[in-house]
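Trainee: I would like the atomic coordinates for the input below:
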Amino acid sequence: MSTVDPSSISLAVLPSPVPPALIRSRPPQPSIPQTKSERDQLLDAIRRGMASEKAVPPLSMEELGARATAALNEVGLADTYFDYAVVLVNNESWRDSLATVPFEKRLLLMPKCLREENRCPAPFDEFGLLCKQCGLCSIQDFQAEAERLGYAVLVAEGSALVMAMIQTGQIEAIVGISCMPVLEKTFPHVQAAAVPAVAVPLLQDDCIDTAVDVDWVWDYIHLQASDRSRRLDLGGLHDEVKEWFEPAALEALMGPAEGHAEQVAREWLAVGGRRWRPFLAAAVHAALEEGNPETTTSSEAIRKVAIAVECFHKASLVHDDIEDGDDERYGEPTLCGAHGIPIALNVGDVLIGEGYRMLAESGLAPERVTEAVREAATAQRLLCQGQGAELAWSRTPSRLSSRQVLEIFRLKTAPAFDVALQLAAIAAGRSEECREVLRAYSNAIGIAYQIKDDLEDLVEDAGFVRDAASRPSVLIALGAERARGDDRTMLSNLASGIPAESLTAEQLRTAISEAKADEKAALLLEAYKEEAVRALDGLDDPTLKGLLRRIVARIFNELAFDGYCREQEMKAQAREAADTNETAQVGPA
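Mentor: Residues are numbered from 1 along each chain as shown. Down below sits the predicted model:
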């Protein structure tokens, strides 16, 4: 742990703010994009701008504003978010400089409002909050990881103490977390000091029980010069991978479809979806090749590997839909719903064959093709074992615990992620060094992904009530373990495969909510995301490690936040009350 000697700090006079003021008057609307997807898109656009036109910090007022405006325009976000975009531009301008500063010369600065104010047991001294490691908020996790790396850590407000630490020479770079109003006040001081500093804005300008983009904090905390993953434009790569599945692109790479079965298979392969698995293959391969010219693979080879990954995945979806009796996917009829079960079974088999054909025709060295085929076959067996366990349960159901459900999730979902990662490593000739780490990472990602699906289905009612007793659900299993009274009986029956007559979506949601099963599932989701990140400690390649840490954030980026500044809300309520009172006093004409 890096420590700061309080006696060495002189609370010196702060430098004068840099005129003119950077931040414009803030409108009453939200100052931060409300979904993580929008925030990530904005950050990707800023990074693309930096890649095409390098920035040397500290940037001038004009350049910060120009780059912020360009990024907002590129992703179609409102000018409301200008201040926020400026902060991100400034962060990215310092990114490379921060990466070169040793961890032990960095400071992690967090606000006390990240804590749960009404439950936090931590006291304060003159230097800030003294965390008791109670586990109630994210402060503990950030502090523990930062101190493990060698950071000095402060949980305090204001810039005077920070500037004093900089002046002693003990701190050469800062990773900070703060709300937009505080950033507006402190920005000129940090800018004047020309210190490498990044600031992750809080997701609302509230002073109580606030939240922050955890993935961004982890990304900045772990920045190292040897990690070249930040050079990869993940947003652009994801868009490129999606283009590989356009009908014309598929035909160019796979050849024309022969016969009805192949034509239907090709059409199914081109249908929707987020393309996470082929994107993973392409991204991991790019990370392994970054700075390692001896691992170079042709672009056509990695495209065929990525398409093979999606062929295997789409085949499993065809068969799952038949086995589960699903009639709709991606908002469209399923293959069995549109063409009948015999054709759908045949098309699923065609896609498996196409996947192996793509690997065989990828152009990889013969020994790599052999290894890739073996890996794909292993993943196929594991996935079928997971689906088999679910089918066996549906035939002779029994009460499933949440732990048993998570194991089915691992078997059903993790292999599809793992095969994407492993095939990419094989294509790059780097599989031996990272096989077990990728396996552990995939297991955690696969379970987290299924938990996320359960939570989304509960909100969207995507067949959740209809399927409640026909397939394992971690929400129902947790609810059965935690509920009381009639809810416990109903949820226990569902967890045992016994349907509840006349059950409505609202009744099921209420039962799960009152048992706090949704809250527990959300905590499990975060725990498995963290487990995926921890699995990366076994990697020696900093670029691959950095990429996979960022991938966790990209896959699980669909969450929104509610509420803005409590102070502003209270003022609005006070104005409304005053207006109401005034109207009451005036009375009718």
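Trainee: Count the residues that sit near the closest residue to A78 other than its chain neighbours.
Mentor: The shortest distance from A78 to any non-neighbouring residue, by CB to CB, 6 or more residues apart in numbering, is to L72 (7.4 Å). No exception for glycine: its C-beta is placed from N, CA and C like everyone else's. Taking other CB atoms under 10 Å as the neighbour definition, L72 ends up with a count of 21.
Trainee: got the buried residues for the helix or strand harbouring L72?
Mentor: Under the criterion of DSSP states H and E, L72 resides in helix 61-75. Residues of helix 61-75 classed as buried: 63-65, 67-68, 70-72, 75 (neighbour count, 16 or more other CB atoms under 10 Å).
Trainee: can you give me how far the helix or strand following that helix is from the chain middle?
Mentor: Heading C-terminal from helix 61-75, the first helix or strand you meet, by DSSP H and E, is helix 82-100. Centroid displacement of helix 82-100 relative to its chain, using CA atoms, centre = their mean, to the nearest Å, is 20 Å.
Trainee: what's near enough to touch E530?
Mentor: Going by CB atoms under 8 Å, 6 or more residues apart in numbering, E530 touches D141.
Trainee: quick one: what helix or strand has it in it?
Mentor: helix 517-535.
Trainee: and V200, that one's in a strand?
Mentor: Yes. When DSSP: H, G, I helix; E, B strand; the rest coil is applied, V200 is found to be in a strand.
Trainee: hang on, isn't Q143 packed against L109?
Mentor: No. At 11.2 Å, Q143 does not count as touching L109 under the criterion of CB atoms under 8 Å.
Trainee: Looking at the two, which has the bigger crowd around it?
Mentor: A direct count of neighbours by other CB under 10 Å for Q143 and L109 places L109 higher, at 26 against 20.
Trainee: which SS class is the more buried one?
Mentor: L109 ends up strand, using three-state DSSP.
Trainee: how close does the residue nearest to it when sequence neighbours are not counted get to M61?
Mentor: Leaving aside its sequence neighbours, L109 sits nearest to G176 (CB to CB, 6+ apart; 4.3 Å). In this structure, G176 and M61 are 20 Å apart, going by CB to CB, to the nearest Å.
Trainee: what mean pLDDT does stretch 196-207 have?
Mentor: Across stretch 196-207, the average pLDDT comes to 78.
Trainee: Repeat that for stretch 538-554.
Mentor: 83.
Trainee: Pull out the buried positions in that stretch.
Mentor: 539, 541-554.
Trainee: Contacts for it, please.
Mentor: 36, 40, 215-216, 218-219, 222, 224, 226-230, 232, 234, 238, 280, 283-284, 286-288, 290-291, 430, 433-434, 436-437, 440-441, 445, 529, 532-533, 536.
Trainee: same thing but 7 Å
Mentor: With contact meaning CB atoms under 7 Å, 6 or more residues apart in numbering, stretch 538-554 is reached by 40, 215, 218-219, 222, 224, 226-230, 232, 234, 280, 283-284, 287-288, 290-291, 433-434, 437, 441, 529, 532-533, 536.
Trainee: Can you tell me which of those residues are classed as buried?
Mentor: For those, buried by 16+ other CB under 10 Å: 40, 215, 218-219, 222, 224, 227-230, 232, 234, 280, 283-284, 287-288, 290, 434, 437, 441, 529, 532-533, 536.
Trainee: So S496 is in contact with P397, correct?
Mentor: Yes. Using CB atoms under 7 Å, S496 is in contact with P397, at 5.7 Å.
Trainee: who's in contact with D215?
Mentor: So D215 contacts 552-553 (CB under 7 Å, 6+ apart).
Trainee: hey, C-alpha coordinates of the helix or strand encompassing it in CSV?
Mentor: Assigning secondary structure by DSSP H and E places D215 in helix 214-221. In CSV, the C-alpha atoms belonging to helix 214-221 read as follows (Å, rounded to 0.1, in the frame of the first residue of the first chain):
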residue,chain,number,x,y,z
VAL,A,214,-17.7,0.9,-12.2
ASP,A,215,-16.1,-0.5,-15.4
TRP,A,216,-14.6,2.9,-16.4
VAL,A,217,-13.1,3.2,-12.9
TRP,A,218,-11.5,-0.2,-13.2
ASP,A,219,-10.2,0.6,-16.7
TYR,A,220,-8.5,3.8,-15.6
ILE,A,221,-7.1,2.3,-12.3
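Trainee: Can you name the next helix or strand after that helix?
Mentor: Next along from helix 214-221, by DSSP H and E: helix 234-243.
Trainee: and that next one, average pLDDT?
Mentor: Helix 234-243 comes out at a mean pLDDT of 88.
Trainee: which parts of that helix are buried?
Mentor: In helix 234-243, counting by 16+ other CB under 10 Å, buried: 234-235, 238, 241-242.
Trainee: I'd guess L280 is in a helix, am I close?
Mentor: Yes. Assessed with three-state DSSP, L280 lies in a helix.
Trainee: Please look at it and A420 and confirm they touch.
Mentor: Yes. L280 lies in contact with A420 (CB under 7 Å); the separation is 4.2 Å.
Trainee: list the buried ones in stretch 499-516?
Mentor: 500, 503, 508-509, 511-512, 515.
Trainee: Same check on stretch 374-381?
Mentor: Those would be 375-376, 379-380, for stretch 374-381 by 16+ other CB under 10 Å.
Trainee: Restricted to helices, list these.
Mentor: 375-376, 379-380 (DSSP state H).
Trainee: Just put the residues you listed in a markdown table and tack on pLDDT and distance to G355.
Mentor: Below are those laid out as a markdown table (pLDDT from 0 to 100; distance: CB to CB, whole Å):
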| residue | pLDDT | distance to G355 |
| --- | --- | --- |
| E375 | 96 | 12 |
| A376 | 96 | 7 |
| A379 | 94 | 10 |
| Q380 | 93 | 9 |
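Trainee: give the contact list for Q387.
Mentor: Here Q387 is in contact with 320, 323, 412 (criterion: CB under 7 Å, 6+ apart).
Trainee: Give the helix, strand or coil label for A55.
Mentor: Quick answer, by three-state DSSP: A55 is coil.
Trainee: right, and it touches S93 too?
Mentor: Yes. Applying CB under 7 Å, one finds A55 in contact with S93, separated by 4.4 Å.
Trainee: Compare these two (neighbour count), which wins?
Mentor: Taking neighbours as other CB under 10 Å, A55 and S93 compare with S93 leading, 22 against 19.
Trainee: okay, that one: pLDDT?
Mentor: In this model, S93 carries a pLDDT of 90.
Trainee: thought it was touching P57?
Mentor: Yes. Using CB under 7 Å, S93 is in contact with P57, at 4.2 Å.
Trainee: re the thing from before, send me the helix holding E530 as CSV with only the CA atoms.
Mentor: Extracted in CSV, the C-alpha atoms of helix 517-535 (Å, rounded to 0.1, in the frame of the first residue of the first chain):
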residue,chain,number,x,y,z
ALA,A,517,-34.7,-12.2,-5.4
ASP,A,518,-34.1,-9.6,-8.1
GLU,A,519,-31.7,-7.7,-5.8
LYS,A,520,-29.8,-10.9,-5.0
ALA,A,521,-29.6,-11.8,-8.7
ALA,A,522,-28.2,-8.3,-9.5
LEU,A,523,-25.6,-8.8,-6.8
LEU,A,524,-24.8,-12.2,-8.3
LEU,A,525,-24.4,-10.6,-11.7
GLU,A,526,-21.9,-8.1,-10.3
ALA,A,527,-20.1,-10.9,-8.5
TYR,A,528,-19.6,-13.0,-11.6
LYS,A,529,-18.5,-9.9,-13.6
GLU,A,530,-15.9,-9.4,-10.9
GLU,A,531,-14.9,-13.1,-11.0
ALA,A,532,-14.3,-12.7,-14.8
VAL,A,533,-12.0,-9.8,-14.1
ARG,A,534,-10.2,-11.6,-11.3
ALA,A,535,-9.6,-14.6,-13.7
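Trainee: Okay, buried residues for that helix please.
Mentor: So helix 517-535, judged by 16+ other CB under 10 Å, has buried residues 517-518, 520-521, 524-526, 528-533, 535.
Trainee: Helix 214-221 and that one, what's the angle between them?
Mentor: Per axes from the mean of the first three to the mean of the last three CA atoms, to 10 degrees, the angle that helix 517-535 makes with helix 214-221 is 20 degrees.
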